[in-house]
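Chemist: Prediction below, plus the sequence it came from.
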Amino acid sequence: LRDRKLIVQIIPFENRRQILVTHDATETDRIEEMRRDFIANASHELRTPLTVIVGFLEIASSGTALDPATREAHLKLMTDQAHRMQRLIEDMLTLSRLESIDYPLRSEQVDVKALIEEVAQEARALSGGKHQVSTSVDGPDVMGSAEELRSAFGNLASNAVRYTPEGGRIHISWTNNGGGPQFAVTDTGIGIDQQHISRLTERFYRVDKSRSRETQGTGLGLAIVKHVLLRHGGTLSIKSEPGKGSSFIVSLPGTKA
Ligand code: ADP
């Protein structure tokens, strides 16, 4: 009981007796703290790009004469920051939708082969030819939301590209692992130190903030993956070795389509 917060109330009862009521508030407190942290983090993440935009707008409206190249550079910086805010808001909305009980899972038969090919194409486009992206599909189709699974698998594949230096390899696979289908992305990237692994699906948790930003990360990708998998009864396991690479493995229940 040492780490728990118990609320104890003594309520007078008839005949001078009393009732002792206890209530464990540990979980409520934890959820409240997570909510506060999320709002603080999200506000901070939005404030940073907004500060840049406001700064350049102030220069533009101050009447300072700018040569065309500087003006162009300022516009580009503002556009990049606006896109960053857009990505963040999109990811925050996706997360809140996935968490909402009013947003039931729309289950359908998913054409896995087509889905994996789409995810690989997206990864190749993001890589711009700087990585080798391969696929193998040797598992059954599943029932689930194609849109949500595409978003989860797409996040894992884009992370593989973003955290793998040029010239690296990324393999995306779909296999039948006895108990059910398994989706995996394996990369030869920077890897992750063991101490971080259990925290990666927390919102805004990043091993290296600047690398995440440079590669246009919002810090919400793996939180989205976690929520999609919760809705599908799936699990995520992460294996990684710093300097060698990582594997993100999704196991889904063996529901035959
Ligand atoms: P981000 O937008 O920062 O990439 P994610 O939630 O997708 O946010 O991932 C959280 C963190 O996990 C990343 O910031 C990065 O430190 C780490 N990470 C995720 N995927 C990989 C990977 N394939 N290789 C190395 N690190 C990774």
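Modeler: Yep, it's here.
Chemist: going forward, measure contacts between C-alpha atoms and count neighbours the same way
Modeler: Noted.
Chemist: Please identify which helix or strand holds the residue of the stretch 1-150 of the chain found nearest the ligand.
Modeler: Using C-alpha to the nearest ligand atom, residue 88 is the residue of the stretch 1-150 of the chain that sits closest to the ligand, at 9.3 Å. In this assignment (DSSP states H and E), residue 88 forms part of helix 68-99.
Chemist: Around the closest residue to the residue of the stretch 1-150 of the chain closest to the ligand other than its chain neighbours, how many other residues sit close by?
Modeler: Using C-alpha to C-alpha, 6 or more residues apart in numbering and skipping residues adjacent in sequence, the residue nearest residue 88 is residue 218, 5.6 Å away. Counted with other C-alpha atoms under 10 Å, the neighbours of residue 218 add up to 24.
Chemist: Same check on the one 10 residues further on?
Modeler: By the criterion of other C-alpha under 10 Å, residue 228 has 26 neighbours.
Chemist: Wait, it touches residue 147, no?
Modeler: No: Residue 228 is beyond contact range of residue 147, at 10.0 Å (criterion: C-alpha atoms under 8 Å).
Chemist: Look at residue 184 and give its secondary structure.
Modeler: Under DSSP: H, G, I helix; E, B strand; the rest coil, the three-state class of residue 184 is strand.
Chemist: Retrieve the pLDDT associated with residue 211.
Modeler: Model confidence at residue 211, given as pLDDT, is 85.
Chemist: I should have written residue 255 there, sorry.
Modeler: Reading off the model, residue 255 has pLDDT 52.
Chemist: Run the contact check for the lengthiest helix in the chain versus the ligand.
Modeler: Secondary structure of the chain per DSSP state H: the longest helix is helix 26-61. No: counting by C-alpha under 6 Å from any ligand atom, the ligand has no neighbours in helix 26-61; the shortest distance is 11.7 Å.
Chemist: Check which helices and strands that helix is in contact with.
Modeler: If contacts are counted by 3 or more C-alpha pairs under 8 Å, 6 or more residues apart in numbering; DSSP states H and E, helix 26-61 sits against helix 68-99.
Chemist: what about the helix it packs on, distance to the chain center?
Modeler: Counting by C-alpha atoms, centre = their mean, to the nearest Å, helix 68-99 is centred 17 Å from the centre of its parent chain.
Chemist: Same question for stretch 238-249.
Modeler: Counting by C-alpha atoms, centre = their mean, stretch 238-249 comes out at 17 Å from the chain centroid.
Chemist: residues in this protein within reach of the ligand, list them.
Modeler: Counting by C-alpha under 6 Å from any ligand atom, the chain sits next to the ligand at 159-160, 163, 189-192, 200-201, 205-208, 212, 217-223, 246.
Chemist: where does residue 141 fall, phi/psi-wise?
Modeler: phi -70, psi 160 (degrees, to the nearest 10).
Chemist: cool, and residue 112?
Modeler: Torsion angles, degrees, to the nearest 10, at residue 112: phi -60, psi -40.
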